[in-house]
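1. got a predicted structure here, sequence first:
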Amino acid sequence: MSDPNASAGPAGTPDRFAVSVILAVSAPSASGEVVGVVAGDRGGDDRLLRSDGAGEQVLCPGFQLRLYKDEAESYYMNLTGERPSVFVVCQAAEDESPRPVLVTLSYDEASSYMEVEDAVFSVPMPPEIYRWVETFVLEHYTPERKKKRKLDNWKEDPKLFTSPRFNVCDGLDDYAEDFTRFAPLGDLMTRQMRRMLAMEEEPAAGKADDQPSHRSLQTAESSDPSVEEEATSVSSADQKAESDAGKAG
């Protein structure tokens with residue numbers, strides 16, 4: 001594709017393309033915006049395209065799109081995006097209305113102007129400009145093919161789950177430590193450990209005091225006089241009852 005206003009680059013493909021910018025200015029506030037870009041440069045001063053009560057549209061000629069080899073990737077991203085665009089950088093004129101100062105096809109260049117708070121407008125890319133940029137990109141840029149990493153086949157080799165290259169801890173987890181093994185404390189005895197041991201010993205000592213042995217009960221009974229007198233009286237009564245039963249027989 002060739003254009004009478006385009007200059008040929010070293011490779012034979014034009015690296016420049018003349019364009020004009022269409023600027024819409026509203027009547028009451030003199031604010032405006034870029035509404036389009038057209039191929040070609042008719043030369044001369046700004047030309048009024050339309051005027052009504054709401055405002056006017058002005059054709060601003062004298063701009064050139066310039067392509068650079070080191071920006072080919074940015075052009076490629078622009079062409080393959082959802083909305084291929086031409087970016088127009090504007091600065092405020094004396095009457096505060098926007099004035100186009102630069103036209104570019106590079107995302108990176110447009111972003112650099114946005115960072116310094118210049119007004120950057122994005123308008124649809126005309127078909128003739130699209131074809132020109134496409135030819136330039138095909139000559140100077142080759143997209144890198146994404147390489148897919150071969151996935152491991154877990155079914156064929158179950159040992160992959162225990163492979164050392166997968167059994168690696170990154171140390172970022174709060175529970176990454178091994179809490180099943182503890183370092184021995186040796187002879188160290190903490191206050192809490194002493195308290196727990198004392199609590200275990202106290203119930204055992206109380207049970208021993210509350211439940212005396214059977215031998216102790218027998219000893220206590222045998223040493224009590226009242227118990228001996230009661231046993232003697234029971235024995236005498238039993239002997240008298242046996243004697244009376246014998247006489248009756």
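-> Perfect, I can see it now.
2. and residue 246, what's its pLDDT?
-> Per-residue pLDDT puts residue 246 at 57.
3. bridging residues for residue 120?
-> Note on residue 120: beta-bridge partners residue 89, judged by DSSP bridges.
4. distance check, it against residue 187.
-> Residue 120 sits 76 Å away from residue 187, taking Cβ to Cβ, to the nearest Å as the criterion. In short, each C-beta sits where N, CA and C put it, glycine included.
5. any idea how many residues pack against residue 135?
-> By other Cβ atoms under 10 Å, 15 other residues sit near residue 135.
6. circling back: the more surrounded of residue 120 and residue 187?
-> residue 120 (18 against 4).
7. hmm, the more buried one is touching residue 110, no?
-> Yes. Under the criterion of Cβ atoms under 8 Å, residue 120 makes contact with residue 110 at 5.2 Å.
8. what about stretch 66-84, average pLDDT?
-> For stretch 66-84, mean pLDDT is 92.
9. buried residues, it. List them.
-> Across stretch 66-84, burial judged by 16 or more other Cβ atoms under 10 Å covers 66, 67, 71, 72, 73, 74, 75, 76, 78, 84.
10. my read is residue 108 is in a helix, agree?
-> Yes. Checked against DSSP: H, G, I helix; E, B strand; the rest coil, residue 108 lies within a helix.
11. that one and residue 71: what is the separation?
-> Here residue 108 is placed at a distance of 7 Å from residue 71 (Cβ to Cβ).
12. also residue 22?
-> From residue 22 to residue 71 the distance is 25 Å (Cβ to Cβ).
13. could you pull out the strands for this structure?
-> Ranges of strands within the chain are 16-26, 32-39, 47-52, 55-66, 85-92, 98-104, 119-124, based on DSSP state E.
14. worst mean pLDDT among the ones you listed?
-> strand 47-52 (a mean of 88).
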